[in-house]
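Enquirer: sequence unknown, structure follows:
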C-alpha cells in the first residue's frame with residue numbers, strides 16, 4: 001500500500017496543507033492536516049515576493065522556518081494516524097513560491113527539501129517546477145495532469161478551476177490532451193484589499209464584496225491588463241497582480257468606496273475566469289471548483305450565473321474535498337517522480353516535451 005504525503009502552501013499564504021494519500025491505480029485521500037501560517041513567517045514570505053535588502057540570507061532563514069513548520073505538521077499527522085516515517089514512501093513538497101518569472105527563465109520555490117528529509121526521516125521529492133521551465137515551459141500550472149487523472153471522464157466535458165491566491169483552469173475534454181493555464185488573480189487581491197481596510201485575512205463567504213457595488217469603469221480598466229488577452233500557455237503571480245498594481249489602476253479614478261472595490265475585485269476574478277474558460281472550451285458540462293475560493297459563496301454564485309447551462313460545484317461533488325486537491329497533487333507528483341512518469345503536460349505549460357519532474361532527496 002504505497003503511501004505519500006503532499007505538502008503545499010500556496011500564494012494565499014494562509015497556511016500549510018498536508019495530505020496523506022494511498023497511490024495504487026487510483027489516488028485515495030486518507031488523512032489531512034492544516035497548520036496556520038505564523039504571522040511573522042507570513043510577513044517575511046510576502047516581503048520576499050518583491051525585491052528587498054539582503055534577500056538571499058532572508059530567504060535562507062525563512063525557508064528553514066517554513067521547513068520546520070512542515071516537519072511539525074508531518075509529525076502531527078503521522079502520530080494521529082499511528083504511522084512511522086518508514087510507512088511513507090515519499091513526501092512531495094511544493095515549497096513556497098517567492099518568484100515566478102518564466103519569461104526570464106526562472107521560478108523560485110524555497111523549501112529546502114534536504115532539511116525536510118533530515119527532520120522527518122522520509123524521502124522528499126521537491127523542486128517540481130524548474131525542470132519544466134528548463135524545457136521552455138511556464139513551470140505552471142502543474143496540477144492539470146493530476147486533475148486529468150482524478151476527474152477526467154470519457155463522456156463529460158469538464159473544467160477544473162483551482163481558486164487559490166491565483167486561479168488556474170484544467171480543461172478535460174474526452175479524447176483530447178488536457179489543457180490548462182493561469183487565468184489571473186483568484187483570492188490574492190480580495191485578501192489583500194480586505195486586509196488593508198479591515199485587518200481580516202480573507203472575505204468570509206464574500207460577504208464584504210456582496211455589500212458593495214461593482215464599478216464597471218474600474219472593472220474594464222482592470223480587465224485591460226495585457227495578461228487577460230494573452231493566449232495560453234501562460235502563468236502569473238504576485239510579480240504582476242499585487243496591491244501596487246491595483247493602486248495604479250485606482251489612481252486613474254476618483255476614490256471608490258472600499259466595499260465597491262472589493263465587489264469589483266470579486267467580479268474581476270469571476271469575469272476573467274469565465275472569459276478564459278469560454279474562449280478555450282466550446283462545450284462545458286461541468287465546472288469543478290477547488291481551493292479556498294470554493295468556500296466563497298458570493299464568487300461561486302457569480303460563476304454559476306455566468307454558466308447557466310453548466311453544473312458548477314465544488315470537487316466534493318465527486319468525493320474530493322476542495323481544500324485538499326493541491327496537496328494531494330504534490331503527493332501524486334512525488335509518486336510520478338519516483339516511478340519515472342512524466343508529469344508535466346506540454347499542452348499546458350508549453351514545454352518542449354514530457355519531462356519527469358522533481359528532485360529526490362533520500363531520507
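Expert: Noted; the coordinates are in hand. Quick caveat: nothing in here was measured; it's all calculated off a predicted structure.
Enquirer: quick check: closest non-adjacent residue to residue 37.
Expert: Counting by CB to CB, 6 or more residues apart in numbering, the nearest residue to residue 37 once its immediate chain neighbours are dropped is residue 15, at 4.8 Å. To be clear about C-beta, it is placed using only N, CA and C from the backbone, and glycine gets the same treatment.
Enquirer: how about the strands in the stretch 101-250 of the chain?
Expert: Taking DSSP state E, counting those that start in this stretch as the test, the strands found in the stretch 101-250 of the chain are 106-110, 124-126, 158-163, 166-172, 179-185.
Enquirer: would you map the helices across the protein?
Expert: Using DSSP state H, the helices of the chain run over 39-47, 55-81, 113-120, 129-134, 144-151, 188-198, 207-210, 216-223, 226-229, 243-250, 258-280, 297-306, 325-339, 346-349.
Enquirer: what are the buried residues along the longest one?
Expert: By neighbour count on 16 or more other CB atoms under 10 Å, the buried set for helix 55-81 is 59, 62-63, 66-67, 69-74, 77-78.
Enquirer: show me what the nearest residue in space to residue 80 that is not next to it in sequence bridges to in the sheet.
Expert: Nearest non-adjacent residue to residue 80, counting by CB to CB, 6+ apart: residue 31, 7.0 Å away. In this structure, residue 31 has beta-bridge partners residue 20, where bridges are defined by DSSP bridges.
Enquirer: what sits against residue 31?
Expert: 19, 20, 77, 80, 81 (CB atoms under 8 Å, 6 or more residues apart in numbering).
Enquirer: could you dump these to CSV with pLDDT and distance to residue 227?
Expert: Rendered in CSV, the data for the contacts of residue 31 read as follows (pLDDT from 0 to 100; distance: CB to CB, whole Å):
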residue, pLDDT, distance to residue 227
19, 98, 30
20, 98, 36
77, 98, 37
80, 97, 42
81, 98, 42
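Enquirer: separation between the spatially closest residue to residue 181 that is not a sequence neighbour and residue 166?
Expert: Distances taken as CB to CB, 6+ apart place residue 232 nearest to residue 181, at 3.3 Å, with adjacent residues excluded. Residue 232 sits 14 Å away from residue 166 when distances are taken as CB to CB, to the nearest Å.
Enquirer: more neighbours: these two, which one.
Expert: Just comparing residue 232 and residue 166: by other CB atoms under 10 Å the higher neighbour count belongs to residue 166, 29 against 22.
Enquirer: what's the burial count for the residue nearest to that one when sequence neighbours are not counted?
Expert: Distances taken as CB to CB, 6+ apart place residue 186 nearest to residue 166, at 5.1 Å, with adjacent residues excluded. Burial of residue 186, expressed as a neighbour count using other CB under 10 Å, amounts to 29.
Enquirer: next, residue 186: phi, psi?
Expert: Dihedral angles phi and psi of residue 186 (degrees, to the nearest 10) take the values phi -100, psi -90.
Enquirer: just checking, it touches residue 169?
Expert: No - applying CB atoms under 8 Å, one finds residue 186 not in contact with residue 169, separated by 10.9 Å.
Enquirer: what is in contact with these two at once?
Expert: Overlap of the contact sets of residue 186 and residue 169 (by CB under 8 Å, 6+ apart) consists of residue 162.
Enquirer: hang on, the earlier thing: across the sheet, point out what pairs with the residue nearest to residue 37.
Expert: Using DSSP bridges, the beta-bridge partners of residue 15 come out as residue 36.
Enquirer: ok, it touching residue 38?
Expert: No - checked against CB under 8 Å, the pair residue 15 and residue 38 is beyond contact range at 9.3 Å.
Enquirer: higher neighbour count, these two?
Expert: Neighbours were tallied for residue 15 and for residue 38 using other CB under 10 Å; the higher tally belongs to residue 15 (18 against 13).
Enquirer: contact partners for the more buried one?
Expert: 9, 34, 35, 36, 37.
Enquirer: got a winner among those residues for most neighbours?
Expert: For those, neighbours were counted by other CB under 10 Å; the highest total belongs to residue 9, with 28 neighbours.
Enquirer: list the contacts of the closest residue to that one other than its chain neighbours.
Expert: Setting aside the residues directly before and after it, residue 9 is nearest to residue 16 in space (CB to CB, 6+ apart), at 4.5 Å. Contact partners of residue 16, counting by CB under 8 Å, 6+ apart, are 7, 8, 9, 34, 35, 37, 69, 70, 73.
Enquirer: save those residues as CSV, and put in distance to residue 101 and pLDDT too.
Expert: Shown next, in CSV, are the contacts of residue 16 (distance: CB to CB, whole Å; pLDDT from 0 to 100):
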residue, distance to residue 101, pLDDT
7, 24, 98
8, 21, 95
9, 20, 93
34, 30, 97
35, 28, 96
37, 24, 95
69, 26, 97
70, 25, 98
73, 29, 98
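Enquirer: for those residues, which one is nearest residue 116?
Expert: residue 70 (5.9 Å; CB to CB).
Enquirer: my guess is that closest one meets residue 7, correct?
Expert: Yes - taking contacts as CB under 8 Å, residue 70 lies within contact range of residue 7: 5.1 Å.
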